[in-house]
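# Return atomic coordinates for the entry below.
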Amino acid sequence: MKKTLIICTLLLSALAFSQRPGKDKIKALKTAIITEKLDLSVEEAQKFWPVYNDFEKKITTLRKKERTQIGQKLNNTGVNNLTDSEANNLIDTMIQIKEQELAYRKELVTNLRAFLPPQKIIKLKKAEDNFKRMLLERLKNRRKN
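Okay, the predicted model is just below:
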């Protein structure tokens, strides 16, 4: 049953990867990698994906906020043109965003502990890190070509 779930996920991901634009391809690939690395049972997968997708949505919103509040200010003003007050406000905003990100991660882990063994939660973090590394490697290779 696990093999069937993994095969279906990989096939759907491959189909999505070949037909959808950028972000959807990345999301499908990430889903396939996490599913494979965590070796989720059908029951675990049914509980895991809604919790994880909610976490991802919150993190995406937080990163958009970071780009808007920090990135645009730096692009418009430039670091060297910031007043001390503006710079301190940006630093405070950066810290608040990182604290919120940590709060979301803690919430994710708390929710996952209800139905996943701790080893799979650790595997999730490792799978996320490996996925990021893989994306960066692909980007680096694409820039070389």
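# Pull the distance from the top helix by length along the chain to the chain's centre.
The helix that spans the most residues within the chain, counting by DSSP state H, is helix 84-113. In terms of Cα atoms, centre = their mean, to the nearest Å, the centre of helix 84-113 is found 15 Å from the chain centre.
# same thing with stretch 108-128?
Distance of stretch 108-128 from the chain centroid (Cα atoms, centre = their mean) equals 14 Å.
# With just CA atoms, put it into CSV.
The C-alpha trace of stretch 108-128 is given here as CSV (Å, rounded to 0.1, in the frame of the first residue of the first chain):
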residue,chain,number,x,y,z
LEU,A,108,3.8,22.3,13.1
VAL,A,109,5.9,20.0,15.3
THR,A,110,3.3,20.0,18.1
ASN,A,111,0.6,19.1,15.5
LEU,A,112,2.7,16.4,13.9
ARG,A,113,3.6,14.8,17.2
ALA,A,114,0.0,13.9,17.6
PHE,A,115,0.2,11.3,14.9
LEU,A,116,3.8,10.9,13.6
PRO,A,117,6.7,9.3,15.4
PRO,A,118,9.5,11.8,16.3
GLN,A,119,11.9,10.1,13.8
LYS,A,120,9.6,11.1,10.9
ILE,A,121,9.4,14.7,12.1
ILE,A,122,13.2,14.8,12.1
LYS,A,123,13.2,13.2,8.6
LEU,A,124,10.8,16.0,7.5
LYS,A,125,13.4,18.7,8.4
LYS,A,126,16.1,16.7,6.7
ALA,A,127,14.0,16.3,3.6
GLU,A,128,13.2,20.0,3.5
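# Buried ones in it, by neighbour count?
For stretch 108-128, a neighbour-count test (16 or more other Cβ atoms under 10 Å) marks 108-109, 111-112, 116, 120, 123-124, 127 as buried. For glycine as for every other residue, the C-beta is placed from the backbone atoms N, C-alpha and C.
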